[in-house]
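Q: got a sequence here, can you model it:
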Amino acid sequence: MDTVKLISEQFSDEIDYICEEKENGKKEYKIKGIFMQADVKNRNGRIYPMEILQKEVKRYSKEYINEKRAFGELGHPDGPTVNLERASHMITALYPDGKNFIGEAKILKTPMGEIVKNLMDEGAKLGVSSRGMGSLDQKNGANYVRNDFYLATAADIVADPSAPNAFVEGIMEGKEWVWNHGSLVEAELVRMKGRMEQKVRSKHAKEDALEFAKFLKML
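A: This is a model prediction of the structure:
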């Protein structure tokens, strides 16, 4: 069973706020900034090779951004999937600029989105944190993200730039995940299921053996 770990990165402590007033007088809130970075050792000691990041950003853009289903959450989620009840924004663009990947997102009219808008109005300093799945190769004093990297969301909105390091290493990356019938589930749950199924098979085998023994005695 091949397992992967949740990888979360905060490449930029601050993002640009864009507030546009529409003809109907309503405001549209957006954010823009560096969402991801390639070939640079980040604060978590990880390096994303450009070819790996380019490939995954291309897939993410095609399957999620272009289909208008590239959502992100407010805060630090503890799993690899986006919880729509906590969605605060929709990522509308993700494109390369040198080693950086610049992202743009529209703040949604959801409960979490309204919180983000209020924080922006009050001048709060916000950042973004990407979330993905993958494995790492350790070499030359850094952890290189391997080509099994899967981008779950290009940006969650966070307000505590110093927190991701300890939080991710201590909780989120402490769990292993595995692809199971197209969905990501905790590896330990899959192992438990396997052990239970093995016990059931073992029990059935014993019952079959007893039935066969009874049959032989009747001959």
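Q: ok so residue 118 is a helix residue?
A: Yes: secondary structure assignment (DSSP: H, G, I helix; E, B strand; the rest coil) places residue 118 inside a helix.
Q: how many residues are close by it?
A: 10 (other C-beta atoms under 10 Å). C-beta here means a position set from N, CA and C on the backbone, and glycine is covered the same way.
Q: let me know the pLDDT of it.
A: For residue 118, the pLDDT comes out at 94.
Q: got phi/psi on residue 53?
A: Backbone torsions of residue 53, given as degrees, to the nearest 10, read phi -70, psi -40.
Q: ignore what I typed, I meant residue 77.
A: In this entry, residue 77 is assigned phi and psi values of phi -60, psi 150 (degrees, to the nearest 10).
Q: again, but for residue 64
A: Dihedral pair for residue 64: phi -120, psi -60, per degrees, to the nearest 10.
Q: from residue 123, how far off is the residue nearest to it when sequence neighbours are not counted?
A: Here the nearest residue to residue 64 in space, its sequence neighbours aside, is residue 70; by C-beta to C-beta, 6 or more residues apart in numbering that works out to 3.7 Å. For residue 70, the distance to residue 123 equals 27 Å [C-beta to C-beta, to the nearest Å].
Q: between these two, which one's more packed in?
A: Set side by side, residue 70 and residue 123 give different neighbour counts by other C-beta under 10 Å, the larger being at residue 70 (24 against 7).
Q: surely residue 153 touches residue 129?
A: No: Residue 153 is beyond contact range of residue 129, at 9.1 Å (criterion: C-beta atoms under 8 Å).
Q: which parts of the protein belong to which domain?
A: Structural domains of the chain, as assigned by automatic domain parsing, span the residue ranges 4-175, 181-219.
Q: can you tell me which of those domains is most buried?
A: For the domains of the chain, the largest average neighbour count (mean count of other C-beta atoms under 10 Å) is found in domain 4-175, namely a mean of 17.
Q: lowest average confidence, helix or strand, in the chain?
A: Within the chain, no helix or strand scores below helix 163-170, which has a mean of 36 by mean pLDDT, DSSP states H and E.
Q: now do the strands in this protein.
A: Across the chain, reading from the start of the chain, the strands by DSSP state E fall at 4-12, 16-21, 27-37, 46-47, 71-73, 87-97, 100-107, 127-134, 136-139, 142-145, 150-158, 176-180, 183-186.
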